[in-house]
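J.: below is the sequence, then the predicted model.
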Amino acid sequence: MSNDLLFRVGMFGTIFSLIAFLLAFHKNRYRMICGILFLLFLSFCYFTSFWFSITRGYNSVFFGLMSLLLIVLLFLGFAFFLLTLLYSGIFMVFKEGLKFQNIVALLLMVYLIAAPLILQYATDNMSNSLLVHIINVVMLVMIYLIAAAIIYVTSGILVVSTPQITPVDYIIVLGCGLINGDQITPLLKGRVDKGIALYNKDPENTVLIFSGGKGKDETVSEAYAMKQYALSKGIPEDHILMEDKSTNTKENMQFSYELIRKQGKNKPKMAFSTNRFHQFRAGVYAYQNGMNIRGVGSTTKLYFAINASVREYIALFARDWKKHLIVISSLIALYTVTAGFRFGIM
């Protein structure tokens, strides 16, 4: 295939992937396919520029140096990512206590460092073809998990980078637990404040819906505690609705949407308020319930956001575990065939 033809193929791929991404993102931005298409677009842009430099006689040495710089930046970015995981893990334990949910980032850091070293050492020191094949399969699964995480991060960044369109008719504020049984946490306060800020853009025509039930260690529902805080901020009571039966994000969206439909408004414009690290997964559940909705996210402390983002990825991965199992099984089968694995037959 000639360089000129490769350049044309690259241009077609760039344009096609960009159009596909824009259409998918416009239809529903809370999908992993948006992250996949955006990364595909960036990849086509890079390789097309490379073939353009060759076919048009530009200095390929300069492009090579730029490619080397990109590799170095990716390596440094990975190293920085490991440091942020370490930072998050230490501060989470120091601030929140030694609990499993608080060391998720630390566990991921250890996994990303130790797993490749152990697998490579095992491969170099084993002669049994079956064991080597098993190790390579484990490495393949690890690469898939990392690729899925990159897609998740990209999809999340795309979501939080796009502003909420106003005005809206209803703003759903998602609950996340109370302290002392009846007081909102700083994390929840950020969600409520973000919802109020959006409400204040059109206070005459907007209703706040506080969504969250009563936990085992709580004396009131999260919805009630949020309502009391909003009232103290001057929000009129007749502009507040409570959804106090939900126990998780999926039910937050489902029960809040049922409450909105009972109001009888034709094609209501909706938004939800949560934390940025939770914005993508919340949107996934919203669209799963048939809601055409956009979200806003409040900021949180970096050490908490990193650990929470890892947990969000795990939750989304677990939600679609059957799909991931099919893909992983297909990759393993393909690898086995292409590697010419014989399993003792020959």
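T.: Perfect, thanks for sending it.
J.: rest of the way, CA atoms for contacts and neighbours
T.: Fine.
J.: what is the subsequent helix or strand relative to the helix or strand containing residue 113?
T.: Taking DSSP states H and E as the criterion, residue 113 maps to helix 104-124. As assigned by DSSP H and E, the chain's next helix or strand after helix 104-124 is helix 129-160.
J.: list the helices and strands that following helix packs on?
T.: Helix 129-160 is packed against helix 32-55, helix 104-124, helix 276-288, helix 321-338, with contacts defined by 3 or more CA pairs under 8 Å, 6 or more residues apart in numbering; DSSP states H and E.
J.: angle of it against helix 32-55?
T.: For helix 129-160 against helix 32-55, the angle by axes from the mean of the first three to the mean of the last three CA atoms, to 10 degrees is 100 degrees.
J.: tell me the mean pLDDT for the helix or strand that helix 129-160 is followed by?
T.: Under the assignment DSSP H and E, the closest C-terminal helix or strand after helix 129-160 is strand 170-174. Here strand 170-174 scores 96 as its mean pLDDT.
J.: how about residues contacting strand 170-174?
T.: Under the criterion CA atoms under 8 Å, 6 or more residues apart in numbering, residues 191-192, 195, 198-199, 206-212, 249, 252, 256, 260, 268-274 lie in contact with strand 170-174.
J.: any quick PyMOL command for the buried ones out of those residues?
T.: Here is the PyMOL command that selects the buried residues among the contacts of strand 170-174 (16 or more other CA atoms under 10 Å):
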select buried, resi 191+192+195+198+199+206+207+208+209+210+211+212+249+252+256+260+268+269+270+271+272+273+274
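J.: restricted to helices, list the contacts of strand 170-174.
T.: If you go by DSSP state H, the contacts of strand 170-174 have 191, 192, 195, 198, 199, 249, 252, 256, 260 in helices.
J.: hang on, the earlier thing: most tightly surrounded among the helices and strands packed on helix 129-160?
T.: helix 276-288 (a mean of 22; mean count of other CA atoms under 10 Å).
J.: so which elements touch it?
T.: helix 129-160, helix 249-262, strand 293-298, helix 302-319.
J.: looking at the helices and strands packed on helix 129-160, which is nearest to residue 168?
T.: Closest approach to residue 168 among the helices and strands packed on helix 129-160 is made by helix 276-288 (15.7 Å; CA to CA).
J.: what are the buried residues along the lengthiest helix in the chain?
T.: In the chain, taking DSSP H as the definition, the longest helix is helix 60-96. Buried residues in helix 60-96, counted by 16+ other CA under 10 Å: 82, 84, 85, 86, 87, 88, 89, 90, 91, 92, 93.
J.: looking at these, which is nearest residue 42?
T.: For these, the nearest to residue 42 is residue 82 (23.9 Å; CA to CA).
J.: excluding its backbone neighbours, what's nearest the closest one?
T.: residue 109 (5.8 Å; CA to CA, 6 or more residues apart in numbering).
J.: any idea how far residue 221 is from the one you found?
T.: Residue 109 sits 36 Å away from residue 221, going by CA to CA, to the nearest Å.
J.: got it, and residue 136?
T.: Residue 136 is 50 Å from residue 221, where distance means CA to CA.
J.: list the contacts of the closest residue to residue 309 other than its chain neighbours.
T.: Nearest-residue entry for residue 309: residue 277, 5.4 Å, with adjacent residues in sequence omitted and distances by CA to CA, 6+ apart. By CA under 8 Å, 6+ apart, the contact set of residue 277 is 156, 297, 305, 308, 309, 312.
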